[in-house]
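*Asks:* Need a 3D model of the following:
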Amino acid sequence: MQGRLSAWLVKHGLIHRSLGFDYQGIETLQIKPEDWHSIAVILYVYGYNYLRSQCAYDVAPGGLLASVYHLTRIEYGVDQPEEVCIKVFASRKNPRIPSVFWVWKSADFQERESYDMLGISYDNHPRLKRILMPESWIGWPLRKDYIAPNFYEIQDAH
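*Replies:* Below you'll find the model as predicted:
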């Protein structure tokens, strides 16, 4: 079933894939990484002026990584703002997705956290560096194939 935004994107020739609706009735769309920045700008101009949240997850061990954006159209006098969920999947071997920092400034720390925990590089992010883990940390702790260091061995070595 195609939602309102998906129909609008099709009408304007913008490539995407509808993933249906979540349990709250929010439309979910998949956008390819190479199309994400231009579609993000278009969505902002279309009225999705608020990035409510951005997060990321590991789809499956050895599989794709996903960056998820929850966008909202905030308009004066509208009690029920329109929302959409965008998923951008990236290859595990070279996970690169265009940053939307320059579209929604609130993406700043959220994209940094996704980088820190899963290793997704957000191209053109102005300060893409670890935010939770020390800079010296090796690996991406929220990947399903991550092997945590044995802290007991580290402590015994000191």
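*Asks:* where do the strands sit along this protein?
*Replies:* Along the chain, counting by DSSP state E, strands occupy 17-21, 27-30, 50-58, 65-73, 82-90, 96-98, 121-123.
*Asks:* Please render those as TSV that adds distance to residue 144, mean pLDDT and mean neighbour count to the earlier fields.
*Replies:* Just so you know, the C-beta spots here come from the backbone N, C-alpha and C atoms, and that holds for glycine as well. Formatted as TSV, the strands of the chain follow (distance: least, CB to CB, whole Å; pLDDT from 0 to 100; neighbours: other CB atoms under 10 Å):
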stretch	distance to residue 144	mean pLDDT	mean neighbour count
strand 17-21	21	95	14
strand 27-30	20	97	19
strand 50-58	5	97	18
strand 65-73	10	97	21
strand 82-90	15	97	20
strand 96-98	19	98	20
strand 121-123	19	98	17
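*Asks:* thinking residue 140 is in contact with residue 113, fair?
*Replies:* No: assessed by CB atoms under 8 Å, residue 140 is found out of contact with residue 113, at 11.6 Å.
*Asks:* Which of the strands of the chain sits closest to residue 133?
*Replies:* When the strands of the chain are compared by CB to CB, strand 50-58 sits nearest residue 133, at 14.6 Å.
*Asks:* okay, the angle between that closest one and strand 82-90?
*Replies:* 30 degrees (axes from the mean of the first three to the mean of the last three CA atoms, to 10 degrees).
*Asks:* I'd like to know how many residues surround residue 44.
*Replies:* When neighbours are defined as other CB atoms under 10 Å, residue 44 has 16 of them.
*Asks:* isn't residue 95 right next to residue 121, touching?
*Replies:* Yes: between residue 95 and residue 121 there is a contact at 6.3 Å, judged by CB under 8 Å.
*Asks:* Spatially central residue in this structure, please.
*Replies:* residue 67 (2.6 Å; CA atoms, centre = their mean).
*Asks:* ok, it to residue 126 distance?
*Replies:* Separation of residue 67 from residue 126 (CB to CB, to the nearest Å): 17 Å.
*Asks:* returning to that earlier point: distance to residue 106 added to the strands of the chain, as TSV?
*Replies:* Formatted as TSV, the strands of the chain follow (distance: least, CB to CB, whole Å):
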stretch	distance to residue 106
strand 17-21	23
strand 27-30	20
strand 50-58	5
strand 65-73	10
strand 82-90	14
strand 96-98	16
strand 121-123	13
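*Asks:* picking up where we left off before, now do the contacts for the residue nearest to the centre of the chain.
*Replies:* Going by CB atoms under 8 Å, 6 or more residues apart in numbering, residue 67 touches 54-56, 87-90, 97, 111, 114, 120.
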